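Q: need coordinates for the following:
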Amino acid sequence: MRKTIACAVAIVAVSVGVSPFVAAQGPDEHGSLIYGVKLPEGYRDWKLISVAQENGQNNDIRAILGNEIAIKAFRENARPFPDGAIIARLAWRYQSSPRNDSVFPAPQSFVAGPPTNVQISVKDSRRYAETAGWGYGQFEDGLPTKNPAVVQSCFACHTKLQKLEANADYVFTNYSH
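A: Next up is the predicted model:
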């Protein structure tokens, strides 16, 4: 029975373009679909790399944090990122603040509203060789997203960036020091 399940996982993995090795390591109840990336312990205490705002469908504001390895690489402008670098992107709904605006002479204040998700990018050139060394995860309410298409699409977008900027190492964020 286990061989049948393992074979089925391998067939599905190959059909969606993921190596059976990565899928076999894949998620438990806390790991992301496809890559098996987990929320790193203490990630909310990591150092700030930058902030960003996404308009349109996402309509969010984001804080991009990094572990010590990622921070060092950003500060030294080291590309490609070394194995062990982890980047966390925390997002909240971007919304106006009637409370703050009541103090100002005109509506002008926008704040972080309800949290939307956390995205994690992990650099491991061996484990994620098929995706240029990066593994991805998206989490909502501390749990991995249940929609595999969300995580499957990560590398495609990061690849578009890489085509525009060869030295990006598939990372959108620039260091804001």
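Q: which strand runs longest in the chain?
A: Under DSSP state E, the strand in the chain containing the largest number of residues is strand 110-123.
Q: walk me through which strands it pairs with, and which way each runs.
A: Partner strands and pairing direction for strand 110-123 (DSSP bridges) are strand 86-96 (antiparallel), strand 134-140 (antiparallel).
Q: mind exporting the helix or strand following the longest one as CSV, just the C-alpha atoms?
A: Read that as strand 86-96. Past strand 86-96, further along toward the C-terminus, the next helix or strand under DSSP states H and E is helix 98-101. Output for helix 98-101, consisting of C-alpha atoms alone and laid out as CSV, is shown next (Å, rounded to 0.1, in the frame of the first residue of the first chain):
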residue,chain,number,x,y,z
PRO,A,98,-10.6,56.9,10.1
ARG,A,99,-9.2,57.0,13.6
ASN,A,100,-5.9,58.6,12.5
ASP,A,101,-7.6,60.7,9.9
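Q: give me the contacts around helix 98-101.
A: For helix 98-101, contacts defined as CB atoms under 8 Å, 6 or more residues apart in numbering pick out 107-109, 111. The C-beta positions use only the backbone N, C-alpha and C, and glycine is treated the same way.
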